[in-house]
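Peer 1: based on what follows, work out the 3D shape:
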Amino acid sequence: MSTRLAKRLDVVQPSATLAVSARAAALKAQGRTIYPFGVGEPDFDTPVHIRDAAKAALDKGATRYTAVSGTPELKKAVAEHSARTRGVPCEPSQVVVGVGAKHVLFNLALALYEPGDEVIIPAPYWVSYPEQVRLCGAEAVILETSEADGFRVRPDALEKALNAKTKAVILCTPSNPTGSAYPESELRAICEVMAKHDAWLIVDEIYSSLVYDGFRSVSALTLSSAKERVIVVDGVSKTYAMTGWRIGWSITPPHVAKVLDMVQSQSTTNAAAVAQAAAVAAITGTQEPVEQMRARFEARRDLIVKRLNEIPGVKCRTPEGAFYAFADLRGLLGLPSQHAQSGKLADDLEIAKFLLEEAGCAAVPGSAFGAPGYMRFSYATSEENIEKGLAAAKAAVEAARAKA
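Peer 2: The predicted structure follows:
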């Protein structure tokens, strides 16, 4: 029939978290207290000077189309930011601004991947990486990592996975969902492996400013001897609490930037002019609010890891960055629960439902990220929510253990 949907949608998986999210919303509507550990955005307001810059831009007429790849002011600011923070000279012509980093990644997928290509994605992974690859008809090759290795891909494992069909490798550092970040020595080793292969290294650095304990974020653009095959994706969403402004960008070789400009010209055209003006203020203005938010996140990280590890059967490593704790909840499997199909918790989806129903804790099951048995807890929420939510989770687990 002529009204059938595109077959490429057959390979896209529905979100594993939709049921939990819908149930959390229903419980909240019923008056239940829900602790939001599933959120993937800062709970802070966009800094005042950035909002003021947006207001001023509106008053000056920033309401029209801009160049597809971004305003000259923003592209220049990004290029200078790259040189300042990554130590790599970057021309504005290498920068393409999109409607958030996710949009930039999708543009890259459209520009680079085609049927027959393989794209290597280490697991645990951000949920959109494999789906964007599949939407373009390419194959997402999931490369398992271990908690013992900090959820970071080993260079020797990457070397074995690379082959003639490999079009790209996607890394995220610091990582969503694990918070793991690649130290310079490990990232350098990855770059050395990639330099021997004719494949793109795409590095999502959206969380690069949110690192703790003195960790130093280093870009693959700084380390690689094959910079002509390295692409960096970044944006203002996480660092500046600007998720709703939808500004992200890629830094690519000039010939790729031209193609991305063409691709984007046939979809969204430009990102909102006023949001681009706000992004300029964010990048070029005072960074004091960034440090204040980073310090708050670090304190919350310490708190949430401590409280998670106090729950019987739960283990959680201390992440290096981002605002996620990725906890091992396999010690809860087999606990009795009226919310489990068999009467006993059988997987991380049922554990998520148990924590939501019994403790009001809304977190994201690890299976959504290719890591069954784990759970992503965002600490982009108040210290009070962390304390009360995980106290409720601990009480629920202890009550279930008492019935076992």
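Peer 1: can you give me phi and psi for L58?
Peer 2: phi -60, psi -40 (degrees, to the nearest 10).
Peer 1: how many neighbouring residues does it have?
Peer 2: Counted with other C-beta atoms under 10 Å, the neighbours of L58 add up to 13. Any C-beta I mention is one placed from the backbone N, CA and C, and that applies to glycine too.
Peer 1: thought it was touching A272?
Peer 2: No: counting by C-beta atoms under 8 Å, L58 sits too far from A272 to count as a contact (10.6 Å).
Peer 1: which ones are touching P174?
Peer 2: By C-beta atoms under 8 Å, 6 or more residues apart in numbering, P174 lies in contact with S180, A181, Y207, S208, L210, V211, S217, P319, E320, G321, A322.
Peer 1: which helix or strand contains the first one?
Peer 2: Of the helices and strands defined by DSSP states H and E, none includes S180.
Peer 1: just the pLDDT at it, thanks.
Peer 2: pLDDT for S180: 98.
Peer 1: please apply the same query to V119.
Peer 2: On the pLDDT scale, V119 gets 99.
Peer 1: parallel or antiparallel, which strands does the strand or helix carrying it pair with?
Peer 2: Element membership of V119 [criterion: DSSP H and E] is strand 118-123. Sheet partners assigned to strand 118-123 using DSSP bridges are listed as strand 139-144 (parallel), strand 166-172 (parallel).
Peer 1: next one: it to chain centre, how far?
Peer 2: Distance, stretch centre to chain centre, for strand 118-123: 15 Å (C-alpha atoms, centre = their mean, to the nearest Å).
Peer 1: name the residues of that strand that are buried.
Peer 2: E118, V119, I120, I121, P122, A123 (16 or more other C-beta atoms under 10 Å).
Peer 1: next: stretch 40-60.
Peer 2: Buried positions in stretch 40-60, judged by neighbour count with 16+ other C-beta under 10 Å: G40, P42, D43, T46, P47, I50, A53, A54, A57.
Peer 1: secondary structure class for the first one?
Peer 2: Remark: G40 carries the secondary structure label coil [criterion: DSSP: H, G, I helix; E, B strand; the rest coil].
Peer 1: now it. Its backbone dihedrals?
Peer 2: The phi/psi pair for G40 (degrees, to the nearest 10) reads phi -110, psi 30.
Peer 1: of the buried residues of stretch 40-60, closest to G360?
Peer 2: Taking C-beta to C-beta as the measure, G360 sits nearest to D43 out of those, at 17.2 Å.
Peer 1: show me where the chain has strands.
Peer 2: Along the chain, counting by DSSP state E, strands occupy 35-36, 95-98, 118-123, 139-144, 166-172, 200-204, 230-235, 248-251, 315-316, 324-328, 361-362, 364-365, 374-378.
Peer 1: any idea of the angle the third one forms with strand 200-204?
Peer 2: Here strand 118-123 runs at an angle of 30 degrees relative to strand 200-204 (axes from the mean of the first three to the mean of the last three C-alpha atoms, to 10 degrees).
Peer 1: out of the strands of the chain, which gets nearest to K353?
Peer 2: Checking these against K353 by C-beta to C-beta gives strand 364-365 as the closest, at 9.0 Å.
Peer 1: run through who's touching the closest one.
Peer 2: Applying C-beta under 8 Å, 6+ apart, the external contacts of strand 364-365 come out as 16-17, 20, 37-38, 177, 347-349, 351-352, 372, 374-376, 378.
Peer 1: sheet-wise, list the partners of it with their directions.
Peer 2: Counting by DSSP bridges, strand 364-365 is paired with strand 374-378 (antiparallel).
Peer 1: so where's the stretch 1-150 of the chain uncertain?
Peer 2: Counting by pLDDT under 70, the ranges of the stretch 1-150 of the chain that qualify are 1-2, 16-17.
Peer 1: about what we covered before: tabulate the strands paired with strand 118-123 (TSV), appending distance to H255.
Peer 2: TSV is the format used below for the strands paired with strand 118-123 (distance: least, C-beta to C-beta, whole Å):
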stretch	distance to H255
strand 139-144	25
strand 166-172	16
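Peer 1: would you list those in TSV and tack on mean neighbour count and distance to K258?
Peer 2: Output for the strands paired with strand 118-123, formatted as TSV (neighbours: other C-beta atoms under 10 Å; distance: least, C-beta to C-beta, whole Å):
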stretch	mean neighbour count	distance to K258
strand 139-144	18	26
strand 166-172	23	18
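Peer 1: closest one to P253 among those strands?
Peer 2: strand 166-172 (13.6 Å).
Peer 1: okay, angle between that closest one and strand 230-235 too, please.
Peer 2: Here strand 166-172 points in a direction 40 degrees away from that of strand 230-235 (the same axes, to 10 degrees).
Peer 1: return the distance of strand 166-172 from the chain's centre.
Peer 2: Distance of strand 166-172 from its chain centroid, counting by C-alpha atoms, centre = their mean, is 15 Å.
Peer 1: ok, stretch 342-353 next?
Peer 2: What separates the centre of stretch 342-353 from the centre of its chain is 26 Å, taken as C-alpha atoms, centre = their mean.
Peer 1: before we move on, what about stretch 28-42?
Peer 2: 19 Å.
Peer 1: start and end of that stretch, how far apart?
Peer 2: In stretch 28-42, first residue to last residue: 21 Å (C-alpha to C-alpha, to the nearest Å).
Peer 1: which other residues reach that stretch?
Peer 2: Outside of stretch 28-42, the residues within contact range by C-beta under 8 Å, 6+ apart are 17, 20-21, 24, 27, 176, 237-238, 241, 243, 293, 323, 356, 359-364, 376-381, 385-386, 388-389, 392.
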